[in-house]
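**Q** Got a sequence here, can you model it:
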Amino acid sequence: MTEKEKLGEEFKRLRENIPSKEYKGKPMSQQELADHNTGVTKHLIGTIERGEANPTLEKILYLAKSLNIKTISILNVDINVEKFIKEIGKE
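**A** Numbering: from 1, shown residues only. Take a look at the predicted model:
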């Protein structure tokens with residue numbers, strides 16, 4: 001398994017742990033995640049989950065926000081997701 005595939009599997013696991021608001025008893029779909037996410041498409045989510053994409057830091061943080069992740073650690077630096085998105089002026 002490649003490193004991109006590991007990242008994709010983790011995003012998929014996190015997404016599937018969020019209940020769908022549209023389909024009772026099912027996990028959140030890629031489309032639902034995209035619909036609640038500025039600048040992230042269903043296609044991008046699919047390519048990330050399959051380990052085919054190289055998402056930018058900005059896209060990763062948008063996905064983290066939609067997955068209710070408050071802080072992520074990259075290169076031993078903790079990044080506050082909400083603060084980052086506000087700083088780039090996208091919210």
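
**Q** what sits against residue 74?
**A** If a contact means Cβ atoms under 8 Å, 6 or more residues apart in numbering, then residue 74 has residue 57 as its contacts. All C-beta atoms are positioned from the backbone trio N, CA, C, and that covers glycine.

**Q** Any chance of the backbone angles for it?
**A** Here is the backbone geometry of residue 74 (degrees, to the nearest 10): phi -130, psi 130.

**Q** Report the beta-bridge partner residues of it.
**A** Beta bridges link residue 74 to residue 77 when assigned by DSSP bridges.

**Q** quick one: which helix or strand includes the most centrally placed residue in the chain?
**A** Within the chain, one residue has its C-alpha closest to the average C-alpha position: by Cα atoms, centre = their mean, that is residue 63, at 2.4 Å. Assigned by DSSP states H and E, residue 63 falls within helix 57-66.

**Q** roughly how far apart are residue 34 and residue 60?
**A** When Cβ to Cβ, to the nearest Å is the yardstick, residue 34 and residue 60 sit 15 Å from each other.
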